[in-house]
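Student: mind looking at a prediction? Sequence and model below.
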Amino acid sequence: MKIEKISENGNGKGGKSELGAVEMYIFDREDGQIRLASILAMEADNQCTIELSELAGYGSKAGTSNGLAISLNRVFILGKLPLRAMGRKDKSC
């Protein structure tokens with residue numbers, strides 16, 4: 001994964017000019033470590049639960065977890081990460 005600083009003019013490819021609430025949340029630090037690193041370090045039988053209220057401080061106005069799961073999956077797919085976000089109504093695989 002290539003991490004780049006986003007300029008005021010976007011990424012030069014017509015993309016958005018700032019990170020969304022989900023991206024800001026997973027790249028922020030918690031307990032001295034970037035949240036994404038903590039998620040990637042989880043054991044296979046663990047899960048990470050993120051409440052919608054945790055994203056409010058990052059500008060999210062989400063009212064349901066469906067949008068959160070979609071946004072997280074978008075980040076994981078673009079980063080080619082072996083993760084899958086599921087909403088509360090999703091069944092286990």
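Tutor: Yep, it's here. Keep in mind it's a predicted model, so treat the numbers as computed, not measured.
Student: so residue 53 is in which element?
Tutor: Per DSSP states H and E: residue 53 is located in helix 52-55.
Student: need the contact partners of that helix.
Tutor: 21, 22, 25, 60, 62, 63, 64, 65, 68 (Cβ atoms under 8 Å, 6 or more residues apart in numbering). For every residue, glycine as well, the C-beta is placed using N, CA and C.
Student: let's see the biggest helix by length in the chain as PDB, backbone CA atoms only.
Tutor: For the chain, the helix reaching the highest residue count under DSSP state H is reported as helix 65-78. Taking C-alpha atoms only, helix 65-78 is exported to PDB below (Å, rounded to 0.1, in the frame of the first residue of the first chain):
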ATOM      1  CA  SER A  65     -24.100   0.700  10.400                       C
ATOM      2  CA  ASN A  66     -24.700  -0.300   6.700                       C
ATOM      3  CA  GLY A  67     -22.900   2.700   5.400                       C
ATOM      4  CA  LEU A  68     -20.100   2.200   7.900                       C
ATOM      5  CA  ALA A  69     -19.500  -1.400   6.700                       C
ATOM      6  CA  ILE A  70     -19.500  -0.300   3.000                       C
ATOM      7  CA  SER A  71     -17.000   2.500   3.700                       C
ATOM      8  CA  LEU A  72     -14.700   0.200   5.700                       C
ATOM      9  CA  ASN A  73     -14.800  -2.400   3.000                       C
ATOM     10  CA  ARG A  74     -14.000   0.200   0.400                       C
ATOM     11  CA  VAL A  75     -10.900   1.100   2.400                       C
ATOM     12  CA  PHE A  76      -9.900  -2.500   2.900                       C
ATOM     13  CA  ILE A  77     -10.400  -3.400  -0.800                       C
ATOM     14  CA  LEU A  78      -8.400  -0.300  -2.000                       C
END
